[in-house]
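Engineer: Have a look at this prediction, sequence included:
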Amino acid sequence: MTTAISFTQLENTKKKSIFIAEHNDTAILTHYLHNYRNGVSKHFEKDAKIILKKLVQYANDEYDYNILHDDAIQQLLFEVENVPFPTPANYKFKFIDLFAGVGGFRIALQNLGGKCVFTSEWDKEAQKTYRANFGEVPFGDITKSETKNFIPQNFDVLCAGFPCQAFSIAGKRGGFEDTRGTLFFDVAEIIKKHKPKAIFLENVKGLKNHNGGKTLATILNVLRNDLNYFVPEPQIINAKDFGVPQNRERIYIVGFRKDLGIENFEYPKAVEKKAQFHDVKEKDVVSSKYYLSTQYLSTLRAHKERHANKGNGFGFEIIMDNEVSNAIVVGGMGRERNLVLDNRLEDFTPVTKIKGEVNREGIRKMTPREWARLQGFPDNFVIPVADASAYKQFGNSVAVPAIQATADAILKQLRTVKDLP
């Protein structure tokens, strides 16, 4: 006799007991199951079996754990594998995904035949979105040693879109120890321990001049001299050059372990075809909740006029169908600088509390799905969270096509030294 087991029950068990890896229990089990058919599962097996035993016993107190174990495994395997973006059946390389957000790096590298063997993302709402699409719960705080200990050995590429932080390096050489207390230190520590063949880091364009250029200089010194990687000059990559209609510039840092003998690298060239907002615009009429109220629109216009009178270019902006959007970012201005015209609305009844009325000029915010498309996420990407969280998640994400083009160049370089199939 069998009884269905689900991860919902695992969440419920947290209320009754604390597992050995506090707050990482679901991450451990999903990582174990994602690697169940290959050798990486051994890295998670011991802890996963303890968690699985608790889960089976919680759901089936009167049954023998050993009898139900195999059935529980099969049920949970279905739950992690029956997802929009499963691991490629015949993967060619392995990578880890740090500061993963909602999985932009993962989609890009899976598209190139990669298997993700470890994920870390501390934001709980982003974890929900990641799980809905990949069947895997990211580990939490990567600054904790217990989280780092779950990173398996022998992966090929380290991916990380780490936050930008200043280092205290006044009068110092600007090396590994000088980065302590920053999130880059944790990335560097992982590189130092695991020595992946290649690294791929992404950050805001401002990193180039952050703290007078000292921050980037320290990062490059650590990677090149302390960690012994060949790191070509970082490059500013714009998403609009890779098939999405968004003017989004980010700095990419690529590196190769020096013993591989790789001494040159070319970042990918821009694609010829340029996209326009029309390419990602909703095909159907959207809810009136996305349309600005008359009062809100009046406030935005007054704000823009005040700044214009001072000679500033601040304020809202309307993106036409044949134009490219501004960078989508977290916060109100990310939406206000990317308003659009859409005159298809016929029912102007508000569905949320607003001051004034729904405007009749057709001015609305972009939808979360449009933001997802601006970042290159396919339409089968599930958005299981409220709009506020979705805007934050896609605003923080990477542009998938630009990441994929750069990752493809990295993999081709590794194949030139016959280090990948």
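Structural biologist: Looks like it came in fine.

Engineer: Could you report the neighbour count for the closest residue in space to residue 366 that isn't next to it in sequence?
Structural biologist: Closest residue to residue 366 apart from its sequence neighbours, by C-beta to C-beta, 6 or more residues apart in numbering: residue 338 at 5.5 Å. For the C-beta atoms, the positions are set from N, CA and C on the backbone; glycine is no exception. Residues lying near residue 338 (other C-beta atoms under 10 Å) number 23.

Engineer: Can you give me every residue that contacts residue 338?
Structural biologist: Taking C-beta atoms under 8 Å, 6 or more residues apart in numbering as the contact definition, residue 338 lies against 317, 319, 325, 326, 328, 365, 366.

Engineer: Narrow the residues you listed to just the buried residues.
Structural biologist: 317, 319, 325, 326, 328, 365, 366 (16 or more other C-beta atoms under 10 Å).

Engineer: Now residue 358: closest residue in space that isn't a chain neighbour?
Structural biologist: residue 348 is the one closest to residue 358 (C-beta to C-beta, 6+ apart), at 4.4 Å.

Engineer: Touching, the one you found and residue 357? I think so.
Structural biologist: Yes: Residue 348 lies in contact with residue 357 (C-beta atoms under 8 Å); the separation is 6.9 Å.

Engineer: one step back: residue contacts, the residue nearest to residue 358?
Structural biologist: Listed by C-beta under 8 Å, 6+ apart, the contact set of residue 348 reads 288, 291, 357, 358, 360.

Engineer: Is it possible to get those residues out as CSV so that each row also shows neighbour count and secondary structure?
Structural biologist: Shown next, in CSV, are those (neighbours: other C-beta atoms under 10 Å; DSSP: H, G, I helix; E, B strand; the rest coil):
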residue, neighbour count, secondary structure
288, 19, helix
291, 26, strand
357, 13, coil
358, 22, strand
360, 11, coil
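
Engineer: Just the closest of those residues to residue 408, please.
Structural biologist: Nearest to residue 408 among the contacts of residue 348, counting by C-beta to C-beta, is residue 291 at 40.0 Å.

Engineer: mind checking how far the closest one is from residue 389?
Structural biologist: Plainly put, residue 291 is 21 Å away from residue 389 if you go by C-beta to C-beta, to the nearest Å.

Engineer: which phi and psi does residue 325 have?
Structural biologist: Here is the backbone geometry of residue 325 (degrees, to the nearest 10): phi -70, psi 160.

Engineer: list the contacts for it?
Structural biologist: 245, 246, 247, 277, 319, 338, 366, 374.

Engineer: Mind pulling up the pLDDT for the fourth one?
Structural biologist: Read that as residue 277. Looking at residue 277, its pLDDT reads 98.

Engineer: What's the local residue count around it?
Structural biologist: Neighbourhood size, residue 277 [other C-beta under 10 Å]: 21.

Engineer: Settle this for me: it is touching residue 324, isn't it.
Structural biologist: Yes: using C-beta under 8 Å, residue 277 makes contact with residue 324 at a distance of 6.9 Å.

Engineer: which residues are in contact with both of these two?
Structural biologist: residue 245.

Engineer: Tell me the gap between stretch 392-409 and the middle of its chain.
Structural biologist: Stretch 392-409 has its C-alpha centroid displaced from the chain centroid by 8 Å (C-alpha atoms, centre = their mean, to the nearest Å).

Engineer: typo on my end, it should be stretch 331-347
Structural biologist: 25 Å.

Engineer: Stretch 43-52 too?
Structural biologist: The answer for stretch 43-52 is 26 Å, by C-alpha atoms, centre = their mean.

Engineer: Equivalent analysis for stretch 226-236, please.
Structural biologist: Stretch 226-236 sits 22 Å away from the centroid of its parent chain (C-alpha atoms, centre = their mean).

Engineer: Ends of that stretch, what's the gap?
Structural biologist: Criterion C-alpha to C-alpha, to the nearest Å; first-to-last residue distance in stretch 226-236 is 24 Å.

Engineer: Buried ones in it, by neighbour count?
Structural biologist: Within stretch 226-236, the residues that qualify as buried are 226, 227, 229, 230, 231, 234, 235, counting by 16+ other C-beta under 10 Å.

Engineer: List the contacts of stretch 200-210.
Structural biologist: Residues outside stretch 200-210 that contact it (C-beta under 8 Å, 6+ apart): 105, 157-164, 166, 187, 215-216, 219, 234, 236, 249-255, 398, 403, 406-407, 410.

Engineer: Swap in 6 Å and give it another go.
Structural biologist: Residues from elsewhere that reach stretch 200-210 (C-beta atoms under 6 Å, 6 or more residues apart in numbering): 159-161, 164, 216, 236, 249-254, 398.

Engineer: same deal with stretch 119-128?
Structural biologist: With contact meaning C-beta under 6 Å, 6+ apart, stretch 119-128 is reached by 97-98, 100-102, 137-142, 384-385, 389, 393.

Engineer: so which of these comes closest to residue 191?
Structural biologist: Distances from residue 191 to these, taken by C-beta to C-beta, are shortest for residue 98, at 10.3 Å.

Engineer: Next up, the contacts around the closest one.
Structural biologist: So residue 98 contacts 120, 142, 160 (C-beta under 6 Å, 6+ apart).

Engineer: how about the buried ones among the contacts of residue 338 in a markdown table, adding distance to residue 344, pLDDT and secondary structure?
Structural biologist: Putting these into a markdown table (distance: C-beta to C-beta, whole Å; pLDDT from 0 to 100; DSSP: H, G, I helix; E, B strand; the rest coil) gives the following:
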| residue | distance to residue 344 | pLDDT | secondary structure |
| --- | --- | --- | --- |
| 317 | 21 | 95 | coil |
| 319 | 16 | 97 | strand |
| 325 | 19 | 97 | strand |
| 326 | 23 | 96 | coil |
| 328 | 22 | 95 | coil |
| 365 | 15 | 96 | coil |
| 366 | 15 | 97 | coil |
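
Engineer: can you tell me which two in these are farthest apart?
Structural biologist: Distances among those were taken as C-beta to C-beta; the most separated pair is 326 and 365, at 13.1 Å.

Engineer: can you give me the strands for the stretch 101-250 of the chain?
Structural biologist: Here the stretch 101-250 of the chain has its strands, by DSSP state E, counting those that start in this stretch, at 114-119, 157-160, 198-204, 229-230, 235-238, 249-257.
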